[in-house]
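Chemist: My questions concern the predicted model and sequence given below.
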Amino acid sequence: MLFDTHTHLDSYKFDEDREEVIERARAAGVDLMINIGFDRETIPTTMALAEKYEFIYAAVGWHPVESIHMKPEDLEWIEGLCSHKKVVAIGEIGLDYHWDTSPKDVQQRVFREQIRLARKVGKPIVIHNRDAHEDILRILKEEKASEVGGVMHCFSGSLETAKQCLDMNFYISFGGPVTYKNAKVPKEVLAQVPLDRLLIETDSPYLTPHPYRGKRNETSYVALIAQAAAEIKGKTVEEIALITTSNGKKCFGIE
């Protein structure tokens, strides 16, 4: 049993063969998936997938890159969706200082608003963090995000950053980069993350793992992340699959 805790199966990159991609994932042993809706376009398509497939759950939120476009009614929309039985988290939310599409102050305001919403509705949060480690940690602390916890999605920070996230009730999730030969830091961090706080993901169609790097990623490749984690942790793939699936269910409140 494998759990891809972060995928974008509604992406246009799957428009030609979405059913086949999902079938390949199931054949590879992926029993659970969280699809991420992060703006006006992808929230409805994410909800449609979650309603169509029993094994797909939804996270809904507003991506930091899209912060500039978020209106008050969008936050109300997200809040309304949180009562849906298949919505298990608010995300992906956070900060992205790599792409210069939304001003930092706007990103931070939208991030804070969504953490407050998560605390209000009692949902965990899925964090997107790109080149913004200090501000992410500061805002999570200031907004008492530890009350709901959640996932540090496709973790790219240092071991010290990971420790601070663990202290705030977060799980640390690893994706394709942990399979790359030159990815020294993610491997070192994964080696130190406690097994009961470890998650795996694909972020498909992005961040494709070795040996498919450069091609479209897909959910079935979460098995490759499990394999890499097993090697780093000195466990079997089956053990990692069982542990990370159990962790994912606990994090997202899935029975």
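Modeler: In hand now; what should we look at?

Chemist: How many neighbouring residues does residue 28 have?
Modeler: As a burial measure, the neighbour count of residue 28 was computed by other CB atoms under 10 Å and equals 17. Backbone N, C-alpha and C define where each C-beta goes, glycine included.

Chemist: Then the one 4 residues further on?
Modeler: Under the neighbour criterion other CB under 10 Å, residue 32 is assigned a count of 18.

Chemist: and if you look at residue 42?
Modeler: If you count neighbours by other CB under 10 Å, residue 42 ends up with 18.

Chemist: tell me the SS of residue 93?
Modeler: strand (DSSP: H, G, I helix; E, B strand; the rest coil).

Chemist: For it, report the pLDDT, please.
Modeler: Reported pLDDT at residue 93 in the predicted model: 98.

Chemist: for it, what are its contacts?
Modeler: With contact set as CB atoms under 8 Å, 6 or more residues apart in numbering, residue 93 has these partners: 61-64, 110-111, 114-115, 125-128.

Chemist: name the element residue 58 belongs to?
Modeler: With elements delineated by DSSP states H and E, residue 58 resides in strand 56-60, which encompasses its position.

Chemist: List every C-alpha atom in that strand, with coordinates, as CSV.
Modeler: Listed next in CSV are the C-alpha coordinates belonging to strand 56-60 (Å, rounded to 0.1, in the frame of the first residue of the first chain):
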residue,chain,number,x,y,z
ILE,A,56,-8.6,10.3,-4.1
TYR,A,57,-8.9,13.0,-1.5
ALA,A,58,-8.6,16.8,-1.9
ALA,A,59,-6.6,19.6,-0.4
VAL,A,60,-7.9,23.1,-1.3
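
Chemist: Now the element after that strand, going C-ward?
Modeler: Next along the chain after strand 56-60, taking DSSP H and E as the criterion, comes helix 72-81.

Chemist: what does that following helix contact?
Modeler: Looking at helix 72-81 with CB under 8 Å, 6+ apart, the contacting residues turn out to be 40, 43, 47, 58, 60-62, 87, 90, 113-114, 117, 120-121.
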